[in-house]
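In: what's the 3D shape of this:
(chains A and B)
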Protein chains: 2
Amino acid sequence: MTIAIIGGTGPQGRGLALRFARAGVPVALGSRDAARAGDIARDLSDRLPDGSATITGLANDDAVAAADDFVILAVPWSGHNRTLDAIRTGLAGKILVDIVVPLAEGDPKKVDMPPEGSATEAAQELLGPDIPVIGALHNVSAHTLNQLDWDINCDVLVCGDKLDARLKVIELVKTLGVNAYNAGDAQSARCIEAITPILIRLNISKAVPFTHAGIRIWAPEH
Amino acid sequence: MTIAIIGGTGPQGRGLALRFARAGVPVALGSRDAARAGDIARDLSDRLPDGSATITGLANDDAVAAADDFVILAVPWSGHNRTLDAIRTGLAGKILVDIVVPLAEGDPKKVDMPPEGSATEAAQELLGPDIPVIGALHNVSAHTLNQLDWDINCDVLVCGDKLDARLKVIELVKTLGVNAYNAGDAQSARCIEAITPILIRLNISKAVPFTHAGIRIWAPEH
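Out: Next up, the predicted model:
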């Protein structure tokens, strides 16, 4: 079951491609520049252990067409709406997984949310009710994703207005070996997307003993 | 150094009073009903181990007056602005620590944020720039706080527009034996307050193996 990663040549897209392919999920890596996507797909494939699924580099449109169920949008916020507009006709019958965080221009320690409230809500409004938009994978550090020998130190909060699509994305995310939780409808993306700049702040700060911070849901010990 | 907890007779206020007093911080527990505050302060004191600081029950105004530096606001969201209005003159020279989450009426799995963006921002606007408002302690489960033999399974994200006040509140929160992190200015409260209903959703859900969930900032293991 092939997934597409649009904007897949960026750091988050590359890291997710590696992780999904290693977990056995074939990846169609999309870029506006198909040749560049092909080059990066080959580089990534060289890093994968034997038995991994394939990573194929394609133009965004072709990557969307190659996806069976899931199209992951991994572009920078500045290209979010434009990219969705360009791929929307190909999304019929598929689920858009929006991982984009509207970081403030010039300050990655803050968000600058769109009028719709969040990137996930903006995508749902732009695509209309027939294409389910699910927010997920916002808080996992790209650096961590790209270190294949590191465990992913981050739980994944999954939100969106269509419950059945949310549950399918939770199952997809779990193939990466992480915990994924149902965090409610699309409005929860206002919170979940905004966790990322708080983590970036902690990473930049000298006050904490780590970089590439993630979040975990934690139960009381007693 | 005495702290005040306004709305201290609710579950979150009682739990924080126990935890701070056990950590050696004297607590002035405020309520609109001074007699009720006195009764609850006595009940809580009976649960404290030897060597704890005192918990004293007072009317809200008197509790604010008894506080040296920190006044914690722990009322339900429905009483947030009204209570601030009632105590505002006593807050001069002190830091207001706002722990209130604007849960949606009838659905604790969602927030219903005020026009200012969050409870913390609403408090800062109501009190004006001379009284620093710091958001903190939103995500710690009241149930966990009240189980003195449980570790607190939750890191604390601290935000507010005045950096020096933020750092002082971080030190105060750390006396409870938890991690507390600088999460940026008051706008971050839109995210931090909204984490609570996501945790409540997970607690209610049968899909996760725990109740009283918290969040932790987590470093990569490698």
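
In: Remind me what the helix or strand residue A:197 falls within packs against, helices and strands.
Out: Assessed by DSSP states H and E, residue A:197 sits inside helix A:189-204. Using 3 or more C-beta pairs under 8 Å, 6 or more residues apart in numbering or on different chains; DSSP states H and E as the contact test, the elements touching helix A:189-204 are strand A:103-104, strand A:107-111, helix A:119-127, strand A:133-135, strand A:214-218, strand B:180-182, helix B:189-204. In short, each C-beta sits where N, CA and C put it, glycine included.

In: Pairing partners for the first one, with directions?
Out: Strands flanking strand A:103-104 in the sheet, each with its direction: strand A:107-111 (antiparallel) (DSSP bridges).

In: buried residues in the partner strand?
Out: A:109-111 (16 or more other C-beta atoms under 10 Å in any protein chain shown).

In: what ranges do the strands span in chain A?
Out: For chain A, the strands defined by DSSP state E cover A:3-6, A:27-31, A:55-59, A:70-73, A:95-98, A:103-104, A:107-111, A:133-135, A:156-158, A:180-182, A:214-218.

In: Name every strand pairing with the second one and say which way it goes.
Out: Sheet pairing here is set by DSSP bridges, and for strand A:27-31 it gives strand A:3-6 (parallel), strand A:55-59 (parallel).

In: winner for burial among these?
Out: Among the strands paired with strand A:27-31, strand A:3-6 has the highest mean neighbour count (mean count of other C-beta atoms under 10 Å in any protein chain shown), at a mean of 30.

In: So which residues make contact with that one?
Out: For strand A:3-6, contacts defined as C-beta atoms under 8 Å, 6 or more residues apart in numbering or on different chains pick out A:13, A:16-17, A:20, A:25-30, A:60, A:63-64, A:66-75, A:83, A:87, A:172.

In: try it again with 6 Å
Out: Strand A:3-6 is contacted by residues A:13, A:16-17, A:25, A:27-30, A:60, A:63-64, A:67, A:70-74 when judged by C-beta atoms under 6 Å, 6 or more residues apart in numbering or on different chains.

In: related to what we said a few turns ago, mind putting the strands paired with strand A:27-31 in CSV, mean pLDDT included?
Out: Below are the strands paired with strand A:27-31 laid out as CSV (pLDDT from 0 to 100):
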stretch, mean pLDDT
strand A:3-6, 98
strand A:55-59, 98
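
In: just to revisit the earlier point, mind checking the helices and strands packed on helix A:189-204 for the one nearest to residue A:145?
Out: Closest to residue A:145 of these, according to C-beta to C-beta: strand A:214-218, at 10.7 Å.

In: just to revisit the earlier point, most tightly packed of the helices and strands packed on helix A:189-204?
Out: Of these, strand A:133-135 is the most buried (mean count of other C-beta under 10 Å), at a mean of 30.

In: Look up how far chain B lies from the residue nearest to residue A:13 when sequence neighbours are not counted.
Out: Nearest residue to residue A:13, sequence neighbours excluded (C-beta to C-beta, 6 or more residues apart in numbering or on different chains): residue A:74, at 3.9 Å. In this view, residue A:74 and chain B are 20 Å apart by C-beta to the nearest C-beta, to the nearest Å.

In: and the gap between residue A:74 and residue A:142?
Out: 9 Å (C-beta to C-beta, to the nearest Å).

In: so what's in contact with these two at the same time?
Out: With C-beta under 6 Å, 6+ apart as the test, residue A:74 and residue A:142 both reach residue A:12.

In: Roughly how far does residue A:192 sit from residue A:157?
Out: Counting by C-beta to C-beta, the gap from residue A:192 to residue A:157 is 5 Å.

In: Can you verify my assumption that residue A:26 contacts residue A:2?
Out: Yes - taking contacts as C-beta atoms under 6 Å, residue A:26 lies within contact range of residue A:2: 4.3 Å.

In: Tell me the residues on chain A that lie near chain B, please.
Out: With C-beta under 6 Å from any C-beta of the partner chain as the criterion, chain A meets chain B at residues A:144, A:150-151, A:153, A:181, A:183-184, A:191, A:194-195, A:198, A:201-202, A:210, A:212-222.
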